[in-house]
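A.B. asks: Provide a 3D model corresponding to the input given below.
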Amino acid sequence: MTNMGILHPGAMGISIAASAKSTGHDVYWVSAGRSEESRQRAEEHGLTSLDTLEDLCKTCEIIICVCPSHAAEDVAQQVIDVGFTGLYCDGNAISPQKSQGIGEKLTAANIDYVDGSIVGPPAWKPDTTRFYLSGQSADQVKALFDNSVTTAMVIGDEIGRASALKMVFAAQTKGFTALICAIQATAEKLGVREDLDNEWTMRDTDSVEQTQNRVRNVTAKAWRFSGEMQEIADTFGEAGLPNGFFLGALDVYERIGHFKGADETPELIDVLQALIDGK
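C.D. replies: Modelled structure (predicted):
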């Protein structure tokens with residue numbers, strides 16, 4: 001049995017924590033400064049609350065970080081600053097070069113490091129969510145999830161490999177959604193959205209409804225996806241490939257990021273108008 005820490009139990013992080021908890025491991029989190037929603041999630045799934053990050057680092061042998069992309073470096077530095085000496089796994093959607101940079105800092109501080117990335121929805125059903133891992137100690141993280149609904153997979157010893165896979169996968173899925181958002185907004189602005197929908201319907205009767213739902217539903221996570229698009233753009237740029245599309249996708253998601261926390265899924269026209277207005 002391992003003492004595992006989770007930073008931080010948001011919608012995805014709590015499912016990862018619950019998977020480890022279900023296999024008999026003790027899972028801890030830091031409650032100070034977190035939202036009431038986070039507290040409720042942690043209590044519901046039996047996570048043990050600790051007061052400070054220092055307490056977490058003293059208690060746990062392994063810490064897994066699942067946070068927005070832009071915060072990954074800061075969270076890792078905070079763990080270094082309080083003197084953690086165990087194994088740290090970054091499970092965030094970051095570029096391979098950023099993961100490698102985080103790994104270098106952690107290694108210099110005598111912290112073992114595993115590169116991770118999560119593909120799929122929050123892990124509540126079997127065979128839907130894969131936690132890809134790379135690094136010399138990746139098997140230790142994988143063992144936390146054996147016989148759980150999270151499918152943990154080691155894909156190599158190289159730090160950055162798991163993050164690279166996430167970047168190219170999300171480039172297709174979330175990049176395509178951003179493109180669809182931009183197409184629909186442009187068609188609305190030019191007064192031909194109904195004509196476009198008719199053309200799509202003649203090709204595939206279900207395509208219009210699916211497209212509209214995709215545009216409306218992405219608003220809940222757009223605030224998070226904008227940072228991910230920056231990471232993907234950096235990944236493509238580092239590989240010597242054009243990255244401008246993903247900088248455009250970043251702009252798309254920033255324009256609809258304010259829908260975060262809305263009580264209801266916004267109407268399509270409201271999303272398109274926000275895209276058109278740029279706010």
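A.B. asks: for the helix or strand bottoming out on mean pLDDT in the chain, the distance to its chain's centre please.
C.D. replies: Every helix and strand of the chain was ranked by mean pLDDT, DSSP states H and E. The lowest is helix 36-44, at a mean of 88. When C-alpha coordinates are averaged (C-alpha atoms, centre = their mean, to the nearest Å), helix 36-44 and its chain have centres 19 Å apart.
A.B. asks: Packing partners of the top helix by length along the chain?
C.D. replies: Longest helix in the chain by number of residues (criterion: DSSP state H): helix 161-190. Contacts defined by 3 or more C-beta pairs under 8 Å, 6 or more residues apart in numbering; DSSP states H and E place helix 161-190 against helix 96-108, strand 112-119, strand 129-134, helix 193-203, helix 207-217, helix 222-238, helix 244-255, helix 268-277. C-beta coordinates here come from the backbone N, C-alpha and C atoms, glycine included.
A.B. asks: Quick one: list the elements packing against the longest one.
C.D. replies: With contacts defined as 3+ C-beta pairs under 8 Å, 6+ apart, helix 222-238 has these neighbours: helix 96-108, helix 161-190, helix 244-255.
A.B. asks: Kindly report the same for the shortest one.
C.D. replies: Strand 129-134 makes packing contacts with strand 112-119, helix 138-142, strand 150-154, helix 161-190 when contacts are defined by 3+ C-beta pairs under 8 Å, 6+ apart.
A.B. asks: Next, the angle from that strand to strand 150-154.
C.D. replies: 20 degrees (axes from the mean of the first three to the mean of the last three C-alpha atoms, to 10 degrees).
A.B. asks: residues in contact with strand 129-134?
C.D. replies: With C-beta atoms under 8 Å, 6 or more residues apart in numbering as the test, strand 129-134 has contacts from 15-16, 89, 91, 114-123, 141-142, 145, 149-162, 165-166.
A.B. asks: Relative to that strand, what are the paired strands and their orientations?
C.D. replies: Here strand 129-134 is paired, per DSSP bridges, with strand 112-119 (antiparallel), strand 150-154 (parallel).
A.B. asks: which one of those lies closest to residue 268?
C.D. replies: Nearest to residue 268 among the strands paired with strand 129-134 is strand 112-119 (27.7 Å), distances taken as C-beta to C-beta.
A.B. asks: any idea how far the closest one is from the chain center?
C.D. replies: 12 Å.
A.B. asks: Stretch 79-98 now?
C.D. replies: 15 Å.
A.B. asks: Only the buried residues of stretch 92-110, if you could.
C.D. replies: For stretch 92-110, the neighbour count (16 or more other C-beta atoms under 10 Å) marks 92-103, 106, 109 as buried.
A.B. asks: Contacts only, for residue 50.
C.D. replies: Residues near residue 50 by C-beta under 8 Å, 6+ apart: 28, 29, 30, 31, 56, 59.
A.B. asks: rerun that using 7 Å as the cut-off
C.D. replies: When contacts are counted by C-beta atoms under 7 Å, 6 or more residues apart in numbering, residue 50 touches 28, 30, 56, 59.
A.B. asks: buried sites along stretch 179-192?
C.D. replies: In stretch 179-192, counting by 16+ other C-beta under 10 Å, buried: 180, 181, 182, 184, 185, 187, 188.
A.B. asks: from those residues, which is closest to residue 128?
C.D. replies: residue 180 (22.7 Å).
A.B. asks: can you tell me how far that closest one sits from residue 208?
C.D. replies: 11 Å (C-beta to C-beta, to the nearest Å).
A.B. asks: ditto for residue 271
C.D. replies: From residue 271 across to residue 208, the span is 15 Å (C-beta to C-beta).
A.B. asks: mind giving me the domain ranges of the chain?
C.D. replies: The chain resolves into domains spanning 3-159, 168-277 when parsed by automatic domain parsing.
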